[in-house]
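**Q** predicted model follows, preceded by the sequence.
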Number of protein chains: 2
Amino acid sequence: MLPNSPPDNSIGILSAQSVRIEQPLTLACGVVLPAHDLVYETYGELNDERSNGVLLCHALSGDHHAAGFYEGDDSPGWWNHYVGPGKPIDTNKFFVVSLNNIGSCFGSTGPTSINPDSGEPWGSDFPSLRARDWVESQKLLMEHLDIPCWAAVIGGSLGGMQAMRWSLEYPDKLLNAVVIASSMKLSAQNIAFNEIARRAIKSDPNFCDGRYLQEGTAPLRGLALARMIGHVTYLSDELMGQKFGRELRIGDLIDRNTDPVEFQVESYLNYQGDKFSGTFDANSYILITKMLDYFDLSREYNNDPVAAFGHAKCNFLVVSFSSDWRFAPERSREITDALLAAGKSVSYVEIESDKGHDAFLLPNERYENALGGYLKRVASTLCVPTGADK
Amino acid sequence: MLPNSPPDNSIGILSAQSVRIEQPLTLACGVVLPAHDLVYETYGELNDERSNGVLLCHALSGDHHAAGFYEGDDSPGWWNHYVGPGKPIDTNKFFVVSLNNIGSCFGSTGPTSINPDSGEPWGSDFPSLRARDWVESQKLLMEHLDIPCWAAVIGGSLGGMQAMRWSLEYPDKLLNAVVIASSMKLSAQNIAFNEIARRAIKSDPNFCDGRYLQEGTAPLRGLALARMIGHVTYLSDELMGQKFGRELRIGDLIDRNTDPVEFQVESYLNYQGDKFSGTFDANSYILITKMLDYFDLSREYNNDPVAAFGHAKCNFLVVSFSSDWRFAPERSREITDALLAAGKSVSYVEIESDKGHDAFLLPNERYENALGGYLKRVASTLCVPTGADK
């Protein structure tokens, strides 16, 4: 046991797995990856019918480590509050699969991987990606795990986009899609924030046209700035007000004072930016923000979301948060309206929260009940309970 | 006449004036400027009673050129739609004064001026400023122009902060304060955006710790980024949607396409950032965003805005715009509530607009009528009409 042993309802110590998918993957841009690596974790046990698989789809900066603890690390995965025994995504009932997607930077094939053609890291030459490429790669992992159909595909933000894309591309391969704090496409304002983040990275002289790994450097300042921009937009004005107000970290605003003055919120943001730039890859950030910008659910359906969702067969749960201004409730209502108009089964819940876009990761009783209640019903419809069920 | 002669109700060709204020100016931080230069413009004529003076207070990136045209330049001043003969700020009735404030970079003393102690540009050594320092400097200009009392002090955003500060510091020196799209203090979110902008500038290696003029360079990329961040927050989500939607500038989002794809909004923002960085000074941007962050109307009144406004004697017009999320209507309602509780005369108008914070600069019939109507009443209370009145 660790000195900080996980609480009873958390997944215990685990380690990530890795698989080399040897089937060629043709990306939406036309480039073919002859093979690719995927790092993933699983929680819970697959039942004999192989019917209780649940796929978690991560967002921009996410990874495969959604729940539980690593040996010697006392901070759990990014969705630990929601994934575990007896939790809303109940690992007593479901076999939960969480992967790091291609293009990201936590072990799956991406810009930091070696390009077999050049023998050097891909860097900014890594091919342009779409959300559907992540779905295709997830489909190959699904085959590797020999799961015929997901009980549910679940994701927040960009993760919700993948869940929607699954419902259109492989309508027979999932029974439920849970789309949280997401959108059928980004607004111009969203694209603008992403573009500023990308420009911050590219303006850093250490970016070296994306070849910073070869140059033995990294655009840490640019990436920190990019993260700071994102971070502010993921929080609500109210939450920042409650959390920091106008508290000062150093100095005083009295007159006759030439000493530096710094607000708590400045120090917090700078810290968040610096912390992130030490763990994430700048080319991945550029690649995945572009993927977000490009996502447009109904583009190839004549811009008609009802026509698009006409191809779906699964049931949907759509969730939004009142103070999320990056992916506002209005965007979720558009998804729900299109699903209803397409004759699909959809539950929609708009959660009161002051936590902005980040709310989808954070504790919230009504959200827990909605997600947990929906998935409990999903579990009850699976043919036979898994042996791990208590 | 210019080939593009100004419309009939615009001020004609003009040129800026400059004055060296020789009185020492003690700044809030305690530093004394023994003398300082102010560049300004005036529109209309001062009446014999010297009672029709109106002071315009510019915002973060503004300057003295509020209205009219310069010789050979076919783009007018920043508030030309609102300042001119027969316009809401009617130069047939008022003698309008618009200055570039200290710390800015359009000719008045600021970071690009020579520090007499060192013989070099001030750069980042320019002393920290507060909105009250601008008021003190404006008061010296008022004395230079021999205006005993302003008929009105008018400003949007940071300009509104100066108008409020005037009402507290010199209650007998103005009859009206017009406070547009402003706030009694910035929120943590506002400070956060300003801090990211400052960090973008300081992260640019050409910033050289603020000594870029001495080094013969300039942090253009950092300043462009800072402006892009500001620009997105000054526009509303709706407006950006209408203006750009998801229109592409180059490329196509079809499958099997490895060519670059760029949205119109990206190109627009990059253009705005680059344009701005060619005309503004980075140290001024840092200095004035800090001034915005520091502004806190009631800090020295025990954080009680009612007690603060108790010192005011003038009448107030407060204006906000429905889609302004950087200085939201709620902030203007707080100003209005405090003024009412302090027993002051205040008119408040909340204008429906999809143009975000920038709305205060843009045409809008209801806003024009409200501002024009209020100021018409102000003009009617002045003892004698000016000779320029038509």
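**A** That came in fine, so what should we check first?

**Q** what separates A:Phe126 from A:Cys105, distance-wise?
**A** Here A:Phe126 is placed at a distance of 10 Å from A:Cys105 (Cβ to Cβ, to the nearest Å). C-beta: built from backbone N, CA, C; applies to glycine.

**Q** out of these two, which sits in the more crowded spot?
**A** A:Phe126 (24 against 21; other Cβ atoms under 10 Å in any protein chain shown).

**Q** quick one: contacts for the residue nearest to the more buried one when sequence neighbours are not counted?
**A** Spatial nearest neighbour of A:Phe126, chain neighbours left out: A:Pro111 (4.3 Å); criterion: Cβ to Cβ, 6 or more residues apart in numbering or on different chains. Residues counted as contacts of A:Pro111 (Cβ atoms under 8 Å, 6 or more residues apart in numbering or on different chains) are A:103, A:105, A:121-124, A:126, A:210, A:281, A:283-284, A:287.

**Q** surely A:Ala151 and A:Lys376 touch.
**A** No - contact criterion Cβ atoms under 8 Å: A:Ala151 and A:Lys376 do not qualify, at 11.8 Å.

**Q** looking at these two, which one has more neighbours?
**A** Neighbour tally, A:Ala151 and A:Lys376, criterion other Cβ under 10 Å: the higher count belongs to A:Ala151, 24 against 13.

**Q** how near is that one to A:Leu99?
**A** Note on A:Ala151: its distance to A:Leu99, by Cβ to Cβ, is 17 Å.

**Q** who are the packing partners of the host helix or strand of A:Ala192?
**A** Using DSSP states H and E, A:Ala192 sits within helix A:188-203. Applying 3 or more Cβ pairs under 8 Å, 6 or more residues apart in numbering or on different chains; DSSP states H and E, one finds that helix A:188-203 contacts helix A:220-234, helix A:282-294, helix B:220-234, helix B:237-243, strand B:262-263, helix B:264-277.

**Q** which single residue in the stretch 1-150 of chain A comes nearest to chain B?
**A** A:Gly30 (3.9 Å; Cβ to the nearest Cβ).

**Q** is that residue in a helix, a strand, or coil?
**A** coil (DSSP: H, G, I helix; E, B strand; the rest coil).

**Q** all strands for the stretch 51-200 of chain A, in order.
**A** Using DSSP state E, counting those that start in this stretch, the strands of the stretch 51-200 of chain A run over residues A:53-57, A:83-84, A:89-90, A:95-100, A:114-115, A:120-121, A:152-156, A:176-180.

**Q** which among those is found nearest to B:Thr217?
**A** Nearest to B:Thr217, of all the strands of the stretch 51-200 of chain A, is strand A:120-121, at 31.5 Å by Cβ to Cβ.

**Q** wait, A:Val319 sits on A:Arg366?
**A** No - using Cβ under 8 Å, A:Val319 makes no contact with A:Arg366, being 9.9 Å away.

**Q** look up how far A:Gly222 lies from the nearest residue to A:Ala226 once chain neighbours are set aside.
**A** Leaving aside its chain neighbours, A:Ala226 sits nearest to A:Ala197 (3.7 Å; criterion: Cβ to Cβ, 6+ apart). Relative to A:Gly222, A:Ala197 is positioned 9 Å away (criterion: Cβ to Cβ).

**Q** same deal with A:Trp122?
**A** With the distance defined as Cβ to Cβ, A:Trp122 ends up 19 Å from A:Gly222.

**Q** in terms of neighbours, single out the busier of the two.
**A** A:Gly222 (27 against 22).

**Q** mind checking pLDDT for the more buried one?
**A** At A:Gly222, the model reports a pLDDT of 97.

**Q** what's around the closest residue to it other than its chain neighbours, how many residues?
**A** Ranked by Cβ to Cβ, 6+ apart and with sequence neighbours excluded, the top spatial neighbour of A:Gly222 is A:Asp204, at 3.0 Å. If you count neighbours by other Cβ under 10 Å, A:Asp204 ends up with 26.

**Q** what do you get for A:Ala188?
**A** For A:Ala188, the neighbour count with other Cβ under 10 Å is 25.

**Q** who's in contact with it?
**A** Taking Cβ under 8 Å, 6+ apart, one finds B:237, B:240-241, B:243-246, B:263, B:265 in contact with A:Ala188.

**Q** B:Gly356 versus that one, what's the distance?
**A** The gap separating A:Ala188 from B:Gly356 is 12 Å, by Cβ to Cβ.

**Q** what is in contact with these two at once?
**A** The contact sets of A:Ala188 and B:Gly356 do not overlap (Cβ under 8 Å, 6+ apart).

**Q** which residues touch the one residue sitting closest to the centre of chain A?
**A** With distances taken as Cα atoms, centre = their mean, A:Ala59 lies nearest the centre of chain A, 1.7 Å away. For A:Ala59, the contacting residues are A:155-159, by Cβ under 8 Å, 6+ apart.

**Q** now A:Glu368
**A** Contacts for A:Glu368 (Cβ under 8 Å, 6+ apart) come out as A:82, A:88.

**Q** let's see 10 Å
**A** Contact analysis of A:Glu368 by Cβ atoms under 10 Å, 6 or more residues apart in numbering or on different chains lists A:81-82, A:87-88, A:351.

**Q** pick out the most distant pair among the residues you listed.
**A** Farthest pair in these (Cβ to Cβ) is A:Lys87 and A:Ile351. Separation: 16.9 Å.

**Q** overlap in contacts, A:Phe126 and A:Cys105.
**A** A:111-113, A:281, A:283-284, A:287.

**Q** most neighbours, which of those?
**A** For those, the largest number of neighbours (other Cβ under 10 Å) sits with A:Asn283, at 27 neighbours.

**Q** isn't that residue up against A:Asp125?
**A** Yes - under the criterion of Cβ atoms under 10 Å, A:Asn283 makes contact with A:Asp125 at 8.9 Å.

**Q** so who does the nearest residue to A:Gly62 once chain neighbours are set aside touch?
**A** In space, and not counting its chain neighbours, A:Gly62 is closest to A:Trp78: 5.9 Å by Cβ to Cβ, 6+ apart. Residues near A:Trp78 by Cβ under 10 Å, 6+ apart: A:56, A:58-59, A:61-67, A:98, A:361.

**Q** all set, thanks.
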